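Engineer: requesting a structural model of the entry that follows:
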Amino acid sequence: MTEPLKAIIVDDESLARKGLKLRLDEMDGVEVIGECGNGREALNMVAELEPDLGFLDIQMPGMTGFDVISKMQQDDMPLIIFVTAYDQYAIDAFNVHAVDYLLKPIENTRLKEAVDRACAHRAADGAVTDKQRLLELIISITGKSEHSISQLLKDHTGVKSYPDKIAIKDTGETTLVKSADIDWVDAAGDYMCIHANDETHVMRITMKELEQQLDPAQFQRVHRSTIVNLNRVSKVCSHMNGEFHLILDNGASIKMSRSYKEKVKHFF
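Structural biologist: Numbers count the residues shown, from 1 in each chain. Just a heads-up that it's a prediction; the model follows:
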């Protein structure tokens with residue numbers, strides 16, 4: 001028998017969380033393992049519990065559902081069902097890009113359909129959520145543009161040098177992010193989420209292209225879709241399954257797989 005999807009509920013309204021959990025508890029195929037009331041708690045809960053599915057409210061104070069998606073590490077990211085009060089245009093966008101959406105107030109039939117759809121994704125080997133589709137959703141709603149910078153800088157001797165700043169273009173403006181300010185980078189297909197100074201910048205570029213702009217003495221890949229600024233690592237936590245979590249200066253917890261341990265062996 002197939003194991004139920006392990007799910008968390010993220011909503012700033014306690015009554016909404018309680019009502020959704022009561023209905024999910026009566027359904028097959030899903031088991032609620034955690035609840036939280038804001039985006040920061042959601043990020044911590046995903047890293048700790050590694051759920052299969054997340055019911056994510058969009059309109060939350062401080063950190064929206066879109067912010068939560070942008071800050072999640074790709075390798076830990078569950079399937080996402082949006083919970084929203086958006087208008088019909090936005091709902092159509094969710095229907096194209098996301099696993100599913102639920103319109104408040106949530107109807108029982110729609111809730112069951114959403115859970116069944118999530119189960120079908122897992123059955124079709126879709127348990128690893130395509131974060132790129134969700135980033136495309138965010139771009140389609142916020143109007144962010146898609147640009148990339150991939151040109152390497154070289155000095156006159158032909159020795160590769162690395163830029164002090166990364167150029168990120170967005171809606172006609174270019175943001176220059178200092179390489180030294182980057183905490184970590186999360187890849188999702190041809191999109192990169194660059195986390196620096198408590199902000200997340202979405203850039204359309206491949207991991208390989210971005211790696212060529214970052215000094216490998218400072219930046220190393222620690223998972224198949226994650227690059228970390230080694231100077232930001234303050235603590236290393238080991239787990240019984242052989243994996244490690246790197247704790248950064250800003251409190252972020254980054255999973256490091258065993259296959260990449262040799263790259264940062266000076267930590268051990």
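Engineer: state the helix or strand in which Val115 lies.
Structural biologist: Taking DSSP states H and E as the criterion, Val115 maps to helix 108-123.
Engineer: what's the mean pLDDT across that helix?
Structural biologist: In this model, helix 108-123 has a mean pLDDT of 89.
Engineer: next one: stretch 182-193
Structural biologist: Summarised as a single mean, pLDDT over stretch 182-193 is 88.
Engineer: who touches it?
Structural biologist: Outside of stretch 182-193, the residues within contact range by C-beta atoms under 8 Å, 6 or more residues apart in numbering are 70-74, 130-132, 135-136, 166, 194-196, 200-207, 210, 214, 219, 225-229, 232, 248-250, 252, 254. Using the backbone N, CA and C atoms, a C-beta is placed for each residue, glycine as well.
Engineer: and Ile196, what are its bridge partners?
Structural biologist: Rather than Ile, residue 196 is Ala. Per DSSP bridges, the residues bridged to Ala196 are Ile182, Glu199.
Engineer: for it, give me its contacts.
Structural biologist: Contact analysis of Ala196 by C-beta under 8 Å, 6+ apart lists 177-178, 181-183.
Engineer: is it true that Leu176 lies in a strand?
Structural biologist: Yes. According to DSSP: H, G, I helix; E, B strand; the rest coil, Leu176 belongs to a strand.
Engineer: quick one: it from Asp164, how far?
Structural biologist: Taking C-beta to C-beta, to the nearest Å as the measure, Leu176 falls 9 Å from Asp164.
Engineer: which of the contacts of Ala196 sits closest to Leu79?
Structural biologist: Distance to Leu79 across the contacts of Ala196 (C-beta to C-beta) is lowest for Asp183, with 26.0 Å.
Engineer: that closest one: neighbouring residues, count only.
Structural biologist: 19 (other C-beta atoms under 10 Å).
Engineer: could you measure it against Tyr162, distance?
Structural biologist: For Asp183, the distance to Tyr162 - C-beta to C-beta - is 17 Å.
Engineer: now do Asp57
Structural biologist: Noted for Asp57: a distance of 40 Å to Tyr162, by C-beta to C-beta.
Engineer: that'll do, ta.
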